[in-house]
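Student: This is the structure alone, sequence omitted:
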């Protein structure tokens, strides 16, 4: 590939990335503003939490078919339609607000439908990145995506809090709609190459397989490659732990601190994610990616028992910063492995199957965390609780100490997952035993 074409493709990646980042910021603004509106309107934490449920559950159901669509059709067109479909949801909310007809159930429906459209974005972009960025820069490109995500997570709540007072909820939703349009325009302005042997070419000849059959090829591909399947299992376990911590952190901090203290901890987490993304985008990561993933996951797990120290905002902010500092490093290294080991014409199907399997335990984590904290761990460490006499003198008793113990236990579980994954030879030797499916000649 000539240097001019290589430069053009990198510029295409950066332009798409900028559009996706702006769109993610708009989505974050609306999510924050709608969440505040729902909670203030109902006073119900459950109804507030249902927004997150309806945002993730429908996407998981259709992800396998998403991969087949991405591999069969032009990925740029898929992303454009995804942007416009999600933007239609924001436009519907804005219209209902203008008519003073917006109700809670409508938000759930719109969140579910918008989630289905947005579910095409990330897999299509990830599969396109393989053909736009040189192989040696896969980790940096993934880190850049994480950096955009972290930046929006920092900015969205801050901006939304100001904008809701200034232009009200309807104005925030219209701003979100504008970001969808901007993202679509960046996609219109570029050209994304199709991989050789893509499904679109087969379909054009009239011999293409059904979307359902093609979606199952992702499962078949993974089943034939035990190392990649082991990587999926490792991240499924890690995501389960992460999902429990995600739910646990807010009540844990609020058990001893004010909402302002919670804001400090969450900001520290986002700052850590941004810092980790910056480091990876400059560094590019180590050569032995699998070993680094194991080491970083172990380091995350080892950080959690420090929450057993006397509760304080600075302590949890430090733990959150460290934990999330490592998160984009782990994600970037993993993404680079997948982009290297999976053939470009199959990446849509394989990536979506991978995402489905690694995220399938998240709804379970969301459901069990509250029950475990409220009915098991907090009562154990309450004054007079079953563990108050034995652990209380060392850890303290009262509100939040049970959740601190629960977080420490999650750290031990995380170490067990890492140890079990390391024992699995196909995963440990993945980079050596599974040949690369993408070479520098393909993308550079």
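Tutor: Good, I have the coordinates. As the structure is a computational prediction, the values presented were derived from the model and not from experiment.
Student: list the buried ones in the one helix or strand residue 264 maps to?
Tutor: Assigned by DSSP states H and E, residue 264 belongs to helix 259-283. Of the residues in helix 259-283, 261-281 count as buried by neighbour count, 16 or more other Cβ atoms under 10 Å. The C-beta positions use only the backbone N, C-alpha and C, and glycine is treated the same way.
Student: residues touching residue 332, list them.
Tutor: 139, 140, 142, 143, 146, 277, 280, 285 (Cβ atoms under 8 Å, 6 or more residues apart in numbering).
Student: could you give me the average pLDDT of the helix or strand the third one falls within?
Tutor: Translated: residue 142. Under the assignment given by DSSP H and E, the secondary-structure element containing residue 142 is helix 138-188. Averaged across helix 138-188, the pLDDT comes to 83.
Student: And stretch 249-268, by the same measure?
Tutor: Here stretch 249-268 scores 79 as its mean pLDDT.
Student: how long is that stretch end to end?
Tutor: In stretch 249-268, first residue to last residue: 13 Å (Cα to Cα, to the nearest Å).
Student: Just to check, residue 257 is in contact with residue 314?
Tutor: No. Counting by Cβ atoms under 8 Å, residue 314 is not a contact partner of residue 257; they are 10.4 Å apart.
Student: who has more neighbours, those two?
Tutor: Taking neighbours as other Cβ atoms under 10 Å, residue 257 and residue 314 compare with residue 257 leading, 18 against 11.
Student: Next, that one: secondary structure please.
Tutor: Classification of residue 257 by DSSP: H, G, I helix; E, B strand; the rest coil places it in coil.
Student: gap between the helix or strand residue 250 falls within and the chain center?
Tutor: Assigning secondary structure by DSSP H and E places residue 250 in helix 226-254. In this view, helix 226-254 has its centroid 11 Å away from the chain centroid, taken as Cα atoms, centre = their mean, to the nearest Å.
Student: Residue 234 contacts residue 422, correct?
Tutor: No. Residue 234 is not in contact with residue 422 according to Cβ under 8 Å; the separation is 9.3 Å.
Student: Comparing those two, which residue is more hemmed in?
Tutor: Summary of the neighbour comparison: residue 234 and residue 422, criterion other Cβ under 10 Å, with residue 234 having more neighbours (23 against 16).
Student: measure that one to residue 297 for me?
Tutor: Note on residue 234: its distance to residue 297, by Cβ to Cβ, to the nearest Å, is 8 Å.
Student: Now do the shared contacts for these two.
Tutor: With contacts taken as Cβ under 8 Å, 6+ apart, the residues that reach both residue 234 and residue 297 are 417, 418.
Student: burial of residue 78, as a residue count?
Tutor: Other residues lying near residue 78 total 25 when counted by other Cβ under 10 Å.
Student: Please disregard the earlier target; I meant residue 19.
Tutor: 25.
Student: Same question for the helix or strand hosting it: list its buried residues.
Tutor: In this structure, residue 19 is located in helix 3-42 according to DSSP H and E. Using 16+ other Cβ under 10 Å as the burial criterion, the residues of helix 3-42 that qualify are 9-10, 12-14, 16-17, 19-38.
Student: got the angle between it and helix 138-188?
Tutor: 80 degrees (axes from the mean of the first three to the mean of the last three Cα atoms, to 10 degrees).
Student: by how many degrees do the next helix or strand after helix 3-42 and helix 226-254 diverge?
Tutor: Read in the C-terminal direction, the helix or strand following helix 3-42 is helix 45-72, with elements assigned using DSSP H and E. Orientation check (the same axes, to 10 degrees): helix 45-72 against helix 226-254 gives 160 degrees.
Student: State the distance from residue 264 to residue 287.
Tutor: Residue 264 sits 37 Å away from residue 287 when distances are taken as Cβ to Cβ.
Student: do residue 365 as well
Tutor: 33 Å.
Student: Look at those two and report which has more neighbours.
Tutor: Taking neighbours as other Cβ under 10 Å, residue 365 and residue 287 compare with residue 365 leading, 18 against 8.
Student: how close does the more buried one get to residue 238?
Tutor: For residue 365, the distance to residue 238 (Cβ to Cβ) stands at 11 Å.
Student: what do you get for residue 100?
Tutor: Applying Cβ to Cβ to residue 100 and residue 238 gives a distance of 45 Å.
Student: When the two are compared, which one has more neighbours?
Tutor: Regarding residue 100 and residue 238, a neighbour count based on other Cβ under 10 Å identifies residue 238 as having more, with 22 against 6.
Student: For the more buried one, which non-adjacent residue is closest in space?
Tutor: residue 297 (5.9 Å; Cβ to Cβ, 6 or more residues apart in numbering).
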